[in-house]
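*Asks:* Here is a sequence together with a model predicted from it:
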Amino acid sequence: MAVYTVHGPASYYGTDVRTAPEQLVFVRDGFYVWAFVASILWLLWHRLWLATFGYLVITIAAEVAMWSFGVGSGARFLVMGVIALLFGLEAGSLRRWKLSRRKWRQLDIVVADSEEAAERRFFERWNAKTARDGNRGNASSPPPLPRASLTQSESVIGLFPEPGASR
């Protein structure tokens, strides 16, 4: 089962999902084979211009550095394979980064076998939330996004303590 993140434009959240479902983007989390095999073509296909530029800079810099140090062809192939592997692993993150730069919001996270099944699950869940909130008399606005809130008793690793708080 794959994990999909659902993204919509910032202005989209104020409207009902049923009015323009084609604006939603489902991004699968995981390894992208085509981003591994043909990184530049995959980046251009998804219009990731800054990532394409970064990929070219990284690969050219690596090739120049290896050429200047006299590294053999086997090691060059290995380094370029590792770079391609990293792009295959982080391809979904690059798409989410592009969407966040364009001020798109993450609406939901869905676990499903395929993108079509993820769409079905998302819309079923969204319609159930809308119907539940409609029974409360607020049918015109979609349900709010879930927010994670921490109580004072919960501790999170990596957060700095507040000034004046006891250890």
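*Replies:* Received, thanks. Numbers count the residues shown, from 1 in each chain.
*Asks:* Now do the spatially most central residue of the chain against R28, distance only.
*Replies:* What sits nearest the mean C-alpha location of the chain, by Cα atoms, centre = their mean, is R96, with 3.1 Å. For R96, the distance to R28 equals 11 Å [Cβ to Cβ, to the nearest Å]. The C-beta positions use only the backbone N, C-alpha and C, and glycine is treated the same way.
*Asks:* so what does the worst-scoring helix or strand of the chain on mean pLDDT touch, helix or strand wise?
*Replies:* Among the helices and strands of the chain, helix 115-134 carries the lowest confidence by mean pLDDT, DSSP states H and E, at a mean of 84. Judged by 3 or more Cβ pairs under 8 Å, 6 or more residues apart in numbering; DSSP states H and E, helix 115-134 is in contact with strand 2-9, strand 25-29, strand 104-112.
*Asks:* so P21 touches F123, yeah?
*Replies:* Yes. Counting by Cβ atoms under 8 Å, F123 is a contact partner of P21 at 7.0 Å.
*Asks:* Give the residue spans of this structure that score low on pLDDT.
*Replies:* 12-20, 134-167 (pLDDT under 70).
*Asks:* okay, the angle between the lengthiest helix in it and strand 25-29?
*Replies:* Longest helix of the chain, by residue count under DSSP state H: helix 73-101. Relative orientation of helix 73-101 versus strand 25-29 (axes from the mean of the first three to the mean of the last three Cα atoms, to 10 degrees): 140 degrees.
*Asks:* tell me which residues of helix 73-101 are tucked away?
*Replies:* 79, 84, 87-88, 90-92, 94-96, 98-99 (16 or more other Cβ atoms under 10 Å).
*Asks:* and the helices and strands packed on helix 115-134, which is most packed in?
*Replies:* Comparing the helices and strands packed on helix 115-134 by mean neighbour count (mean count of other Cβ atoms under 10 Å), strand 2-9 ranks first with a mean of 19.
*Asks:* Tell me the strands beside that strand, with direction?
*Replies:* strand 25-29 (antiparallel), strand 104-112 (antiparallel) (DSSP bridges).
*Asks:* Please identify the residue most distant from the middle of the protein.
*Replies:* G70 (38.2 Å).
*Asks:* Now it. Its backbone dihedrals?
*Replies:* phi 70, psi 40 (degrees, to the nearest 10).
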